[in-house]
Structures are given as structure tokens and as C-alpha cells.
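S.K.: Next one to model:
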Amino acid sequence: MKKFYEQLTDKQPWNGLFMGNHAVARAMLEAGVKVITSYPGSPTPEIAEALNSVPQEMRDYHFEWATNEKVATEIAFGSSINGNLSTVFFKSVGLNVASDSFVQLGLMNLTGGLVIILGDDPGANSSQNEQDNRHFARMSYIPVMEPATPAEAYQMFLEAAKLSKQHQMPIILRLTTHVCHAKELIKFGSVGESKGFRADFDAKNGPYLPITRAVFPLKKKAMEKLDLLKKVSEKSPFNKIYSPFGSGDINGKKLGIISSSMPALSIMENLDKAGKSVDLLQINFSYPMPEEMISDYLKGRDEVLIIEELDRIMEYEIKSLAFDRNIKCRILTRGTHEEIMGELTSERTWDILSGHWPQVFEINIDPVHEPFANPRIAQMCPGCGHRSAFHAIKQALPEGTITVGDIGCHSLGFFEPYNMGEMLLSMGHSNGTAAGLTIGNERRKVLAFIGDSTFFHAGLPAIINAVLYDHDFTLVVMENNTTAMTGHQPHAGTGEIGEKISIDKVLESFGVKFIRRIDTYQQKKLAEYIKESLDHKGFSVVIASHPCMLKFMKQQRRKEGFVQKHVEIDQNKCERHLTCIEKFGCPSFKKNDDGSITVNEDLCIGDGSCRPTCPVSAIDFKKEAE
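M.R.: Numbers count the residues shown, from 1 in each chain. Here you go, the predicted structure:
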């Protein structure tokens, strides 16, 4: 049986069951992409997982994790204007970080071509919002393709790469969570011979300086390229009509639906179930819109319902088109705020359809019975150093202390039993927000958290600002030596890419006067450092460090002779204070019907971080595991 990377790089055509992200990685190889950049973020990390599975000596491409999405975008841009087909990918909110450079790309002549993969997140499955990045496309004059399936993601990447090279312009491939993670049997093509890297930059291909009056010719050219892509969209096979039962009259009216991407699949299910002569115009090459195709569709129907996921972007543009062309078709849309939020599953699209056409889509047909969901809150992993840190820090904080959260596994500190990190905006915001909370505040202490990956990603500017103004707050750097939340990707401080950059030395070079470092399992000493830092007048930093135990244990289990440890409760000592459950919060502990506390050995990793938390020292390693 072939290894995954051997299958991924097979130069011959083949068929296989692949998830969307892996299918896109294969498409990159077939398209001849030379430079690929990213910053980790769900739902796209598996693209990198696939690319990094290929041994270095077998790669015809360069892949790198950048320090943030803006840097990743700029590297891909630089490679493209050097003549190399390039790709950058990141999650939805990563575009906010990249946007300062991203919005310029549509103005540039990208000689090698550039495909931008956005992992949008309807439903906010792994993001702090569910922003609709189709807005950025309009702002930046960049075409958008929106696959509905893994096979379409593969096919659309190939098409996007071809169009990008042909027109020397960026193309957005907008994926959503289910497209990224769904699996489908896909027919793959062949991988051509490597053509090597190019270094053909020539300023004459520009201009590449969009300043003052030079902006207007560039903007005009960008809009002219969009006009050309509109003609491509009109003929695109990704824009098509789905008509399982034809398009006949229903009560004297012809009814139709316009949708795109994943919601279109939900609607197809609905049409198959309803069995009536309503059809669907699926627009997956969505920007620039195929105006002629849409106009013809509207003219052939009496009522058309527009269903899109998230914001009313397609809806407003189609309404404007119909008004300008005096098309008499009645256009119906989603009505409530709830219908503009979250993923549009087949159950939800059925409800939208039945709200407009109950004679076709019967109300409450086959109601969905949600499976029982255990109300357990989100948990940090057993042994997580962040848990030890939160437990120690909470005991050290004076009453009324304001705690500021950030993005990462430590965001879970907001939940019981820790209740720390009371506000969150974006990656790296904690330093700036904490500084603002100190101004004019003489009564309450302020403490902020940031992860080590985020420290390098977006934390440095606000740290410099805190040093310059000596803002009076404590920053706790939650160092676990990886980018854990998105799958253990490396960052500048891990030493896996180049020479390790020391957080301590960075802080020292910035002029931070108060720096303490401690392993989070040393809970008593960590609590002392927190008290000391809060008593310090001005900016202070405590580096609370412990390796990610999920990654660490994975590595340990691969070693010869590994013996799994566990802890146990000495029932003769236990007084049932419940500190291990109610204050420390490790999921390995369970309270039984008789009130006793025992350890679930399927979860316990035997790290022992729980031992100092018990007020009567009833937790210890199992004797046979010592």
C-alpha cells in the first residue's frame, strides 16, 4: 500500500478518496505551483500537512510557514512577480491580518500567477466571528471561485491557476469548513515535469508602486481584467442549472432558486426530496457574476429565491442587475437575522424554502431530531500546562483583577473553573487592550495572556508600545513550544525552522525590565512570580512555560520501552474537597455516585501536575508506574 505522500505525488492520473484540503494540495502539484506560504488556522492546515508529508528531496515546490498571514501574502506576491506560480492560504480572520497588502494585489501585474485560498468559517466553528470575505474580493478587484465539494475544490484550483497565469492577476479560491474537511472520490490528473524556479522580476512588468497618480491606471487595468473574467464566468462549467424535475408551472408560476457553494448542495437535496418542478442556478464562479446567465434565468421565471451563506452580497448584486435591466421577475430573499447566520444545512435551507413556497416545500416535513449532546464545556487536554498556569495564577490574583484573553488553547481559560480572559478581539490584541485598561486606572490590577506563536505573529508591536509608555500591566506568555490549537505547527520560537528565537532575549532587547520564566507545573513559584509582577510598577512579563503535552506524549509513545504512567486517589486520605475537579478541572477525574473521586485511566497521562493541587496530598502516581 502506498504511503500518503507517494499517492499525493504520483505523476500518473489516479482516482482516490481525498478530503478537500488534500485534494487542493494535489491540485497545486498538478498546476506546477512553485511557492506556497501560509500561517496556521482552521479550516485549512491540512493543506500544509499534505505538502509537508513529502520528503524534502522529492519536492518541486517551496513551502513555508510564515510568521503571520501578511508576511505569507507578501512572500507569495514576491515569488509571483519573479515569475513563479504561487499560492497563499489561511483562515477567514487571517485575511484581516493580511489585508494591508492583500487589497493591493488586484492592482498588480502578477507575472507568475497567484491563487489565494481563503478558509471561511460559516458558523464560527473555529473562529471568533464568521466574517464573509467576499467583501474583500469586491474591495480588491479579485475574482472569486467557490467550490461546493472536494472535487470542485480540486478542479477549481486548477482553473484558478490557469486563469491567474493567463491574466497575470490574483484569483481567490474561497473554501468553507465543510468543503475543506469533507471527503470525496476524485479523479486526479497527471503531474508534469518540474520547470524549476524563476528569477525574472522586471519593473517594466509593473508599475509596482501604487502611489499618487499611478494608482488610477492600475485601478483601471484591474477593472478591465475583471471585465475579461466576467466573460469567463458566463461560460464557466461551475455555473450551471440543476433541474431534477424540470422547470414547469406551479400554481401558474415558474419558480427558481439562485445559490452557490455549500448551500447549493443543501438545496439540491431539498429539490430531490420535494419532487417538484423547481430548479436551481448554481453560481460557483461567483465574482465577477455571470450577468447574462443570471438575467436569462430571471427572465424565464416568475419568482426566484436567492439563498447564500452569510451576508447579502449576491442578493444585492442580483437585485441591482434586475433593476437596471427592468426584469420583472419577483426576487425573494432570506428574511430573518437568524437566516443570515451560521451554516446553511439542508434542514435550514428547507425551512427557508418552505417559508416562501409551503405548497412545494411542506412546513415541518421530516423534522430533524437533534442527537443528545452532553453539556460538557470545552476542555484543555489532560496534562496541559495552561491548566496548571491558570490554577496557580487564579490563586495569586487580587480581587477585582481584570484579565485579558487572546487567541490560542489558553482561550479556554475563560470557562469554568478558571474564569480568566474576560475579553478577546484577535490575535495579539491582549497587550494593547490591557494597556488601554490601565489608563486612568489606579484601583484594579490588569493581567493579559498571549501564546508563544501569537507572540511572534502579532504581539510584538503592542509589547514595544507597552515598553515605551511603561503601561502598568502584567503579560503572561503561555509558552507551549508549538502552535497547538491548529495541529502543532512550528513557529519562530520552536527551533524547528531555522535557529530558535528566544522570547526572553526578544523582550530583553525591547527593554522590558521585569521578566520571569517558570515551568507551569511549579505552581507555587508561578503564583509567587505573578504576585511579584503585579506589585511591580510598570510593564512586566512572566513566561509560563510547559511543552504541549498532547504533542509531547505523542512523541514519548513512539519511543522504545515507553511505560504509561497514571495517578491514583488514595481513598484513605481523600476528604472530598473536590479541588481536583472543581478548581483544577482535569477531565481525568470523575466523581462517582457514592461521592468518591477516581481517575479515568483512558484520559490520564500520568503527568502529575494535579498532585500539588490536592489540599490533603491524596493524589500520587500509581505504585507500579513509579
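S.K.: mind listing what residue 618 touches?
M.R.: Remark: with contacts taken as C-beta atoms under 8 Å, 6 or more residues apart in numbering, residue 618 is in contact with 569, 570, 571, 573, 574, 575. In short, each C-beta sits where N, CA and C put it, glycine included.
S.K.: at 10 Å what do you get?
M.R.: 568-577, 579-580, 597, 611 (C-beta atoms under 10 Å, 6 or more residues apart in numbering).
S.K.: show me where the stretch 301-450 of the chain has helices.
M.R.: 313-324, 346-356, 385-396, 429-438 (DSSP state H, counting those that start in this stretch).
S.K.: quick revisit: how about CSV for the contacts of residue 618, with pLDDT, distance to residue 295 and neighbour count added?
M.R.: Output for the contacts of residue 618, formatted as CSV (pLDDT from 0 to 100; distance: C-beta to C-beta, whole Å; neighbours: other C-beta atoms under 10 Å):
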residue, pLDDT, distance to residue 295, neighbour count
568, 93, 73, 17
569, 94, 72, 19
570, 92, 78, 12
571, 94, 77, 11
572, 93, 81, 6
573, 94, 79, 12
574, 95, 75, 19
575, 93, 77, 10
576, 93, 73, 14
577, 93, 72, 15
579, 93, 68, 21
580, 93, 67, 24
597, 94, 69, 20
611, 94, 71, 16
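S.K.: out of these, which are inside strands?
M.R.: 568, 569, 597 (DSSP state E).
S.K.: Next one: the last one relative to residue 606, how far apart?
M.R.: Which is residue 597. For residue 597, the distance to residue 606 (C-beta to C-beta, to the nearest Å) stands at 17 Å.
S.K.: So residue 259 sits against residue 297, correct?
M.R.: No: applying C-beta atoms under 10 Å as the test, residue 259 and residue 297 come out as separate, 11.9 Å apart.
S.K.: Could you point out the longest helix of this protein?
M.R.: The residue-count maximum for a helix in the chain (DSSP state H) belongs to helix 215-235.
S.K.: still on that earlier bit, list the residues that contact both of residue 259 and residue 297?
M.R.: Contacts common to residue 259 and residue 297, judged by C-beta under 10 Å, 6+ apart, are 280, 281, 283.
S.K.: about what we covered before: list the helices and strands the longest helix of the chain packs on?
M.R.: Under the contact criterion of 3 or more C-beta pairs under 10 Å, 6 or more residues apart in numbering; DSSP states H and E, helix 215-235 touches strand 144-145, helix 150-167, strand 170-176, strand 285-287, helix 291-299.
S.K.: Counting neighbours, which bits of that helix end up buried?
M.R.: For helix 215-235, burial by neighbour count (16 or more other C-beta atoms under 10 Å) applies to 218, 221, 222, 225, 226, 229, 230, 232, 233, 234.
S.K.: which residues are contacting that helix?
M.R.: 104-109, 138, 140-145, 159, 163, 166-171, 206-210, 236, 239, 283-294.
S.K.: before we move on, back to that, if you look at the contacts of residue 618, which of them are in helices?
M.R.: Filtering these for helices - DSSP H - leaves residue 579.
S.K.: Present the contacts of residue 618 as CSV; the columns should include distance to residue 418.
M.R.: Formatted as CSV, these follow (distance: C-beta to C-beta, whole Å):
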residue, distance to residue 418
568, 25
569, 22
570, 26
571, 27
572, 30
573, 26
574, 23
575, 23
576, 21
577, 18
579, 13
580, 14
597, 20
611, 19
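S.K.: What strand or helix carries residue 271?
M.R.: helix 261-274 (DSSP states H and E).
S.K.: Give me the next element, helix or strand, following that helix.
M.R.: strand 279-283.
S.K.: what angle do that following strand and helix 291-299 make?
M.R.: With axes from the mean of the first three to the mean of the last three C-alpha atoms, to 10 degrees defining the directions, strand 279-283 sits at 160 degrees from helix 291-299.
S.K.: Check which strands are paired with strand 279-283 and give the direction for each one.
M.R.: strand 239-242 (antiparallel), strand 253-259 (parallel) (DSSP bridges).
S.K.: Give me whichever of those is most buried.
M.R.: Mean neighbours per residue, mean count of other C-beta atoms under 10 Å, is largest over the strands paired with strand 279-283 for strand 253-259, with a mean of 22.
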